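Enquirer: pasting the sequence and the predicted coordinates here, then a few questions.
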Amino acid sequence: MLDLSQINIWAVLLATAATMVLGFLWYSPLLFGNAWAKRLNVNMEDLSGGAATYVLTALTALGGAFILAWLVSLAGEPTIASGMTIGLLVGISISLKIGMNYLFEGRKLGLYLITAGYHLISYLIAGLIIGVM
């Protein structure tokens, strides 16, 4: 059952912000942005997106962090271990499901690894934040 009093909204907001920062770094030229764009056969400049893209991205990150916080609360008192374990399991689950799409879309393994890696790490970090707070 969903008990909103068990969800730390500050942890959810911080996890959302961390997800956004990680995404900015992950898909920037500093980390995997160039490799990701190359595998998509596009220029980084063509992928900048408008304000609506960033608002919708923030909302999806917020939704993911909220659901993760809910799952952690179902496990009992949030801890670093429970947050990171559940975050890792959610990240693995999402990454595996994304893999199905990549297989049917005929996408390359490198592109999948970049995308799946982002989701794994972002949920692990979000789980850490939620577990700590």
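Expert: Great, that's in hand.
Enquirer: Val12 - how many residues pack around it?
Expert: When neighbours are counted by other Cβ atoms under 10 Å, Val12 registers 24. Every residue, glycine included, has its C-beta placed from N, CA and C.
Enquirer: just Tyr118 next, same as before
Expert: 21.
Enquirer: okay, the helix-or-strand element of the chain with minimal mean pLDDT in CSV with CA atoms only?
Expert: When the helices and strands of the chain are scored by mean pLDDT, DSSP states H and E, helix 33-40 comes last with a mean of 92. Taking Å, rounded to 0.1, in the frame of the first residue of the first chain, the C-alpha atoms of helix 33-40 are listed here in CSV:
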residue,chain,number,x,y,z
GLY,A,33,27.9,11.8,-25.6
ASN,A,34,30.1,11.6,-28.7
ALA,A,35,30.0,7.8,-28.8
TRP,A,36,26.3,7.8,-28.2
ALA,A,37,25.6,10.4,-31.0
LYS,A,38,28.0,8.5,-33.4
ARG,A,39,26.1,5.3,-32.8
LEU,A,40,22.8,7.2,-33.5
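Enquirer: so what's Ala37 closest to, chain neighbours aside?
Expert: Met44 (4.9 Å; Cβ to Cβ, 6 or more residues apart in numbering).
Enquirer: measure the one you found to Ile7 for me?
Expert: 36 Å (Cβ to Cβ, to the nearest Å).
Enquirer: tell me which stretches of this protein form strands.
Expert: With strands called from DSSP state E, the chain shows none.
Enquirer: any weak-confidence spans in it?
Expert: For the chain, the stretches with pLDDT under 70 are 1.
Enquirer: try 90 this time
Expert: The chain contains residues with pLDDT under 90 at 1-6, 40-51, 53, 76-77.
Enquirer: report the longest helix in it, please.
Expert: helix 80-105 (DSSP state H).
Enquirer: and Ala58, how far is that from Lys38?
Expert: 26 Å.
Enquirer: related to what we said a few turns ago, tell me, how many neighbours does the residue nearest to Ala37 end up with?
Expert: Neighbour number of Met44 under other Cβ under 10 Å is 15.
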